[in-house]
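Participant: Provided below are the primary sequence and the corresponding predicted coordinates.
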Amino acid sequence: MLDWLFRARKRARGDRVSDPGASATAMAPDSDLLKAALRHHDAGRLTDAESLYRQLLSEDPRNVDAMHLLGVIAHQRGDHAYAVELISRALAEYEANASAHNNLGCALRSLGKLAQAAASFQRALELTPDYFDAHVNLGRTHQAQGNLSRAASSFRTALRLRPASAATKSELALVLVGLGQPEEAIAYCEAALQAQPELFEARFNKAIALRDLGRRADAIAQLEKVIHLKPDLAQAHYLLGHLHGEADRREPALSCFERAIQFDPGHAEARWSQVMVELPGVYGAHDDPRRVRAAFGAGIDRLERWFGSVPAADASVAVGVQQPFRLAYQEENNVDLLKRYGSLCVRLMASWQDRQDAAPPAASQEATTSAIRVGIVSGHFRDHSVWHAVIKGWVRHFDRKRFMLAGFNLGPPPDDESSTAIGELENFVQGPSNLLQWVQAIQAWRPDVLIYPEIGMEPMALKLASLRLAPVQAASWGHPETTGLPTMDYYLSAEGLEPPGAQEHYSEKLVLLPHLGSFFEQRKFAPTPGESDGVDDPAVPMLLCPGVPFKYTPHNDFVLVEIARRLQKCRFVFFAPPHSEQSDKLRHRLASAFEAQGLSGEHYLTFAPWLSKPRFHGMLARATLLLDTIGFSGFNTALHAVARGLPIVAWEGRFMRGRLASGILERMGLRDLVVTSQEDYVALAVRLATDAGYRAAMSEQIEQRSRILFEDLEPIRALEQFLIDATKKAH
């Protein structure tokens, strides 16, 4: 998740090149010429120093100090390949030179040769174990490699040598954020700032840690202090833009991205984010989705032109830093927009792949005669809706005589829910890792098939999916929207979830697996009573609205208003994710819609805190009915309601993402609970809320028929046969 931050921070951080004076070996005579050269070098007069070093070499072609320090000057000027050549020649003359190994490592790292750089720093430390600069440089190299635990160890060792180093505390803090330890990261940043209040890097890294803790307002305050200290720091403006974008503040976000570009015209990530932030999370009452779509399309045009006019060396870093995730929450066919977006992603990532010197992916030699090798690339190998609805059935029930499965986990480690099943995989790779390491890990497995259960939710998944790493590549409905990526051959969906003519909604070849397309286990939760929030009066129907805020569009607000008008007494219960300004925005918009019809929003609307699953089941047990979100349905939420026998008003949308709950009810033969118009939605909600007999009959039918949803192996067997056929075709 922090890959873009790690890269960007390198712009504001110099190598720990050894001081010229400390780099002299004293093997040459203690000449006045060398002393003069070192004085020039220390003072930054590189041309004068270079002239004297060359004079020394003309007198003694094997002068180790002159050769080494000429290499340092080449590195300082950006000619890293020449620096490697010169310093390597010096080391050939005198290998036991810790400073030269350190400086060689700096030049190698600048060339992207991280493994060789790490070896150079390690050799410097073998010669001089308490070499502070080498420990710091080794930590930075491990960080660039994605080896964050090793990076933290190196920085901690450096701090034991120099406990007062504020800069090293700041660098350690950033690594700790990447390791999921933001509280400790903040402590190191505060210690650094106590020693050096003007150290803007420490404030910047503290802002990142605060953001990870959900303390967005505190993170913004820190970044504003960073900008006060260093107004031209493009990365501070960029991160501030992200924070405003996450809070759905489009105009401030655009302004911040514009300032980032002003100070760094080549800032590809800021240009990318300018386009993505055009898509709002929660729409205002008067926002026009058509304007939003047009602005997004125009932004893709700008990106295509800009990336076509600049060198592509760093273009891949922008891919996925923000994604058009919010586009799916408009009930429109997005395939044309996403095909343009996906083609741009693939073009930029192909340029990255061409520069890597990596062999093209090869199919397993045993693919046609033995088990097919299937890799699953996901950030959700844990207790998450994607795991339960999509991945878990594959892991548990694929035929291991015909298939070998590998998991590539881009997210947090497996938890108690998933660890046992993960142990059944033939191979499992856990991050964090950088892009090249993930590519190498996947290619080392030599997959015949790669499946991405969700594309559009996690930056690294998009980067990898934009590459061709297996002969057969498929996406699935963990994010229920076409990817638009030319590298995705297939989209794994379900007969029971797609409307007629659904292929028109996908850039991939659509694969319709039987029924609901997946194997689900029926999970039991003991309901836990929670806070009443004033909705425990049995005379007041409790209507659960469990969608996240951006699932509710202004176009459908009047549906809730009309239900309230007809019922007179009822309570709509929404759920507010932690630290969510979007919930506040939705609350205000809905309250305005109610008040416009002479109804009190305060009287009808409750925004409860986000609940644990047992407490959510406690709420389901008390509720009257569940209102499916119109346009972007909830699959796992509907399964939870079914488990408690709670009636659902289910919307049958135009696209698969709007038919998840209705697909479940159709599978159970409960078409009476499925609606296709706003008028029918209101009428069904009112009938369920007021007719206790009808509601009880529906609950009884849900309980009787729900068994058909679970432990259905037919989709698994169909997917296996499809993969067998697809791999044969690919060969």
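Facilitator: Sure thing, it's come through.

Participant: what are the ranges of the helices in the stretch 101-250 of the chain?
Facilitator: For the stretch 101-250 of the chain, the helices defined by DSSP state H, counting those that start in this stretch occupy 114-127, 132-145, 148-161, 166-178, 182-195, 200-212, 216-229, 234-246, 250-263.

Participant: which residues of the stretch 551-700 of the chain fall in strands?
Facilitator: 571-576, 605-609, 625-627, 648-651, 674-675 (DSSP state E, counting those that start in this stretch).

Participant: give the pairing partners of the third one; include direction for each.
Facilitator: Using DSSP bridges, the strands paired with strand 625-627 in its sheet are strand 542-544 (parallel), strand 648-651 (parallel).

Participant: got the contact list for it?
Facilitator: With contacts defined as Cβ atoms under 8 Å, 6 or more residues apart in numbering, strand 625-627 is touched by 541, 543-546, 560, 572, 620, 637-638, 641, 646-649, 685, 688-689, 695. Bear in mind the C-beta positions are built from the backbone N, C-alpha and C, glycine included.

Participant: before we move on, what about the longest one?
Facilitator: Strand 571-576 is contacted by residues 533-535, 540-546, 549, 560, 564, 583, 586-587, 604-611, 619, 623, 627 when judged by Cβ under 8 Å, 6+ apart.

Participant: neighbouring strands for that strand, and are they parallel or not?
Facilitator: For strand 571-576, pairing defined by DSSP bridges yields strand 542-544 (parallel), strand 605-609 (parallel).

Participant: average pLDDT for the first one?
Facilitator: Which is strand 542-544. The pLDDT scores in strand 542-544 average 96.

Participant: now do stretch 342-360
Facilitator: On average, stretch 342-360 scores 82.

Participant: buried sites along that stretch?
Facilitator: Gly342, Ser343, Leu344, Cys345, Val346, Arg347, Leu348, Met349, Ala350, Ser351, Trp352, Gln353 (16 or more other Cβ atoms under 10 Å).

Participant: distance between that stretch and the chain's centre?
Facilitator: Centroid separation for stretch 342-360 versus its chain: 19 Å, with Cα atoms, centre = their mean, to the nearest Å.

Participant: got the contact list for the residue positioned nearest the centre of the chain?
Facilitator: Of all residues in the chain, the one closest to the mean position by Cα atoms, centre = their mean is Glu458, 2.9 Å from it. When contacts are counted by Cβ under 8 Å, 6+ apart, Glu458 touches Met1, Gly320, Gly379, Leu410, Gly411.

Participant: scan those residues and report the most crowded one.
Facilitator: Neighbour tally across the contacts of Glu458 (other Cβ atoms under 10 Å): the maximum, 26 neighbours, falls on Gly320.

Participant: can you tell me which two in the contacts of Glu458 are farthest apart?
Facilitator: For these, the farthest-apart pair by Cβ to Cβ is Gly320 and Gly411; their separation is 14.1 Å.

Participant: with distance to Leu303, mean pLDDT and mean neighbour count added, can I get the helices of the stretch 101-250 of the chain in a markdown table?
Facilitator: Shown next, in a markdown table, are those (distance: least, Cβ to Cβ, whole Å; pLDDT from 0 to 100; neighbours: other Cβ atoms under 10 Å):
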| stretch | distance to Leu303 | mean pLDDT | mean neighbour count |
| --- | --- | --- | --- |
| helix 114-127 | 29 | 96 | 20 |
| helix 132-145 | 26 | 95 | 25 |
| helix 148-161 | 31 | 96 | 20 |
| helix 166-178 | 28 | 96 | 25 |
| helix 182-195 | 32 | 97 | 20 |
| helix 200-212 | 25 | 95 | 25 |
| helix 216-229 | 25 | 96 | 18 |
| helix 234-246 | 16 | 95 | 24 |
| helix 250-263 | 13 | 96 | 19 |
